[in-house]
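Trainee: Sharing a model that was predicted from the sequence below.
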Amino acid sequence: MTLDAALAELAFLGDRLSRSAAVLGHHGQSETHIRSRLPDAVVFPRSTSEVARIVSICAAQGVPMIGWGAGTSLEGHALAPCGGVTVDFSQMDALLEVRAEDMLVRVQPGITRERLNQELRATGLFFPVDPGANASLGGMAMTRASGTTAVRYGTMRQNVLALEVVLADGRIIRTGSMAPKSSAGYDLTALFVGSEGTLGLITELTLRLQGQPEAISAAVCGFAEMGPAVDCVMTTIQSGIPMARIEFLDTGTVAACNAWSGQNMPLMPQLLVEFHGSPAAVAEQAARFGEIANSFGCTGFRWAEAQEDRTRLWKMRHEAYHAILASRPGSTAIVTDVCVPMSALAEAVEETRADIAASPLPGPILGHVGDGNFHAILLIKPGDDSERAAAKALSGRMAERALRLGGTITGEHGVGMGKLDYMAAEHGAAWAVMEAIKTALDPKGLMNPGKLVPQQ
Ligand SMILES: Cc1cc2nc3c(=O)[nH]c(=O)nc-3n(C[C@H](O)[C@H](O)[C@H](O)COP(=O)(O)OP(=O)(O)OC[C@H]3O[C@@H](n4cnc5c(N)ncnc54)[C@H](O)[C@@H]3O)c2cc1C
């Protein structure tokens, strides 16, 4: 590759091309155990045409290109293992159009989900996908993110209607439309959602919105054992109660959250639940859930009716990852992310708990159990090879278990560099089909190399 030639042509960006150590360092590190891999340069485009020009220059010079939203992905997705140019979308963060009557919004990829919802507040609408971290909408689309509310509103897969994408050769295409559905050929929107920047760079998204619920109620309820808590979730989902959120925290996670957020939850497995709807519907859902929870031995409810109480509750949940990291000072984490069919949830969680208990590592478990998705946060000392090996072995067994039970190795975080080892087991010959799609759209292998597809 001729990096110098590409950088000379990219000089049209002026001070929006950076090679400072601080900027490269920021764009070369991940949130988790995956070691830093720095790009050679970072660019900050402001328009689709600038992105297309950047891509054309890099493609002609054979320079890798890595999209960057907010850098919150957990599997080293946005690192630069082959060097190259990181395209940071933070200056393409406009809300382009709100179509309230269609319940749609058009945005640039760098807008964060918190800012989008702040700007939508006066419309009575909101964007529901909530991965906790204040991620960008472009990054969330690229990891097919979900989070606490997916059980009710779906993931990015259901909530992205259309995209504008700059392909690896600099062509600009639009996928999808503003219609609620379409049968017009291959579903390219679905192909790009979850492609982790390996097929092209997103420059615009059309997203579905939801009406803000008239009434919201949330609660925390404890259980003496993990088993009944998980069984309660399975029965609740199978009974068709439209839960807006139903989150599980094991005792280790509860202890970490209490210490981090100044909460005083009883030290036992807890479910965090939320109901959305009309006042009557919320009351009815809460009563039905209460009956089920009581039948599984729930030790009592703490309700969060006021907005500020709910804000505190979900802030605590969203900070659980950092709370768990702080529970073992100086540690880093291998974050697991399996997802199984609802009927297999109890078996998957219980086997995982026993496996971690028999290991030398702390590994608190938490998850969006309402859609079969849970995480063990395996805490390791940086540089300790035996701990890393133990954590990798546990993570591998979780992946095998999820596949044996009919599930997936990653429910929401994606593949990046960290989950590549399990892709063949999950997809078999279909992984080669993904590689063929990658080769068709990016024959030079320049879009986010080292991620998602088989590595040569
Ligand atoms: C504390 C914490 C909690 C989390 N909880 C959840 C959770 O509950 N659910 C969940 O789903 N995730 C969760 N995550 C992971 C995370 O927030 C996501 O993976 C997020 O979707 C990534 O968005 P981002 O803007 O940070 O993207 P980045 O990390 O910047 O990038 C992610 C990927 O998208 C690519 N990319 C970014 N923008 C573009 C673009 N415009 N065009 C092409 N490619 C692009 C990057 O190259 C990379 O491959 C959590 C993370 C943290 C730190």
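Mentor: Happy to help now that I have it.
Trainee: Kindly report the residues of the stretch 151-300 of the chain close to the ligand.
Mentor: 196, 197, 201, 202 (C-beta under 6 Å from any ligand atom). C-beta: built from backbone N, CA, C; applies to glycine.
Trainee: nope, the stretch 1-150 of the chain is what I meant
Mentor: Counting by C-beta under 6 Å from any ligand atom, the stretch 1-150 of the chain sits next to the ligand at 31, 66-74, 77-78, 89, 109, 131-133, 135-136, 138-140, 142-143, 145-147.
Trainee: Let me know the secondary structure of residue 219.
Mentor: Three-state assignment for residue 219 (DSSP: H, G, I helix; E, B strand; the rest coil): strand.
Trainee: In contact with it, which residues?
Mentor: 272, 273, 274, 286, 301, 302, 303, 304 (C-beta atoms under 8 Å, 6 or more residues apart in numbering).
Trainee: my guess is the third one contacts residue 220, does it?
Mentor: To tie it back to what came earlier, the one meant is residue 274. No. Between residue 274 and residue 220 there is no contact under C-beta atoms under 8 Å: 10.4 Å.
Trainee: Those two: who's more crowded?
Mentor: Comparing residue 274 with residue 220 by other C-beta atoms under 10 Å, the one with more neighbours is residue 274, at 25 against 22.
Trainee: Now residue 79. Nearest residue, chain neighbours left out?
Mentor: Nearest non-adjacent residue to residue 79, counting by C-beta to C-beta, 6 or more residues apart in numbering: residue 37, 4.1 Å away.
Trainee: So what's the residue count around that neighbour?
Mentor: Neighbour tally, residue 37, other C-beta under 10 Å: 19.
Trainee: Also residue 97?
Mentor: Neighbours of residue 97 (other C-beta under 10 Å): 10.
Trainee: Spatially, which residue comes closest to it, not counting chain neighbours?
Mentor: residue 106 (4.4 Å).
Trainee: That neighbour is in contact with residue 96, isn't it?
Mentor: Yes. Here residue 106 lies in contact with residue 96, judged by C-beta under 8 Å, at a distance of 4.2 Å.
Trainee: thinking again about what came up before, who's the residue nearest to residue 97 bridged to?
Mentor: When assigned by DSSP bridges, residue 106 has beta-bridge partners residue 97, residue 206.
Trainee: and it, what does it touch?
Mentor: Counted by C-beta under 8 Å, 6+ apart, residue 106 has contacts 95, 96, 97, 99, 204, 205, 206, 207.
Trainee: again, only this time at 7 Å
Mentor: 96, 97, 204, 206 (C-beta atoms under 7 Å, 6 or more residues apart in numbering).
Trainee: What of residue 374?
Mentor: Taking C-beta under 7 Å, 6+ apart, one finds 248, 338, 349, 365, 366, 367 in contact with residue 374.
Trainee: ok, how many other residues are close to the third one?
Mentor: When neighbours are counted by other C-beta under 10 Å, residue 349 registers 26.
Trainee: give me the residue from the protein nearest the ligand.
Mentor: The ligand sits closest to residue 139 of the chain, with a gap of 2.1 Å, by C-beta to the nearest ligand atom.
Trainee: before we move on, the earlier item: which ones among the contacts of residue 374 lie within strands?
Mentor: 248, 338, 365, 366, 367 (DSSP state E).
Trainee: Can you say which helix or strand has the residue nearest to residue 380 when sequence neighbours are not counted in it?
Mentor: With sequence-adjacent residues excluded and distances taken as C-beta to C-beta, 6+ apart, residue 380 is closest to residue 387, at 4.1 Å. Here residue 387 sits within helix 385-404, counting by DSSP states H and E.
Trainee: Let me know the distance separating residue 366 from residue 288.
Mentor: Going from residue 366 to residue 288 by C-beta to C-beta, to the nearest Å gives 24 Å.
Trainee: Please identify which of these two sits among more neighbours.
Mentor: Set residue 366 next to residue 288 and count neighbours by other C-beta under 10 Å: residue 366 wins out with 26 against 15.
Trainee: which SSE is residue 276 in?
Mentor: Assessed by DSSP H and E, residue 276 sits inside strand 270-277.
Trainee: isn't residue 242 right up against residue 149?
Mentor: No. Look at residue 242 against residue 149 with C-beta atoms under 7 Å: they stay out of range, at 11.6 Å.
Trainee: who's more crowded, these two?
Mentor: The neighbour comparison of residue 242 against residue 149 (other C-beta under 10 Å) goes to residue 149, with 23 against 12.
Trainee: Is it correct that that one is in contact with residue 130?
Mentor: Yes. Using C-beta under 7 Å, residue 149 makes contact with residue 130 at a distance of 4.9 Å.
Trainee: mind checking the SS state of the one residue sitting closest to the centre of the chain?
Mentor: Residue closest to the mean C-alpha point of the chain, counted by C-alpha atoms, centre = their mean, is residue 145 at 3.6 Å. The three-state label given to residue 145 by three-state DSSP is coil.
Trainee: The closest residue to it other than its chain neighbours: neighbouring residues, count only.
Mentor: Among residues not flanking residue 145 along the chain, residue 131 sits closest, at 4.5 Å (C-beta to C-beta, 6+ apart). The number of residues packed near residue 131 is 25, by other C-beta under 10 Å.
Trainee: Next: the one 4 residues further on.
Mentor: The criterion is other C-beta under 10 Å. On that basis, residue 135 has 24 neighbouring residues.
Trainee: need the contact list for it.
Mentor: Residue 135 touches 69, 70, 72, 112, 113, 145, counting by C-beta under 7 Å, 6+ apart.
Trainee: What's the PyMOL syntax to select whichever of those residues are buried?
Mentor: Here is the PyMOL command that picks out the buried ones among the contacts of residue 135, judged by 16 or more other C-beta atoms under 10 Å:
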select buried, resi 69+70+72+112+113+145
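Trainee: Quick check: the farthest pair among the contacts of residue 135?
Mentor: 112 and 145 (12.3 Å; C-beta to C-beta).
Trainee: Which helix or strand contains the residue nearest to residue 145?
Mentor: Going by DSSP H and E, residue 131 is not part of any helix or strand.
Trainee: which residues sit in contact with it?
Mentor: 140, 145, 146, 147.
Trainee: what's the burial count for the nearest residue to the third one once chain neighbours are set aside?
Mentor: Using C-beta to C-beta, 6+ apart and skipping the chain neighbours, the partner closest in space to residue 146 is residue 155 (3.8 Å). Other residues near residue 155 come to 24 when the count uses other C-beta under 10 Å.
Trainee: quick thing: my sequence starts at 631, can you match it?
Mentor: Noted, 631 is the first residue going forward, which turns the last one into residue 785.
Trainee: Now that we're looking at residue 785, what pLDDT does it have?
Mentor: Note for residue 785: predicted pLDDT of 98.
Trainee: Could you check how far it is from residue 739?
Mentor: 17 Å.
Trainee: try residue 891
Mentor: 31 Å.
Trainee: Settle it for me: which of these two has more neighbours?
Mentor: residue 739 (26 against 19).
Trainee: That one: what secondary structure?
Mentor: Residue 739 ends up coil, using three-state DSSP.
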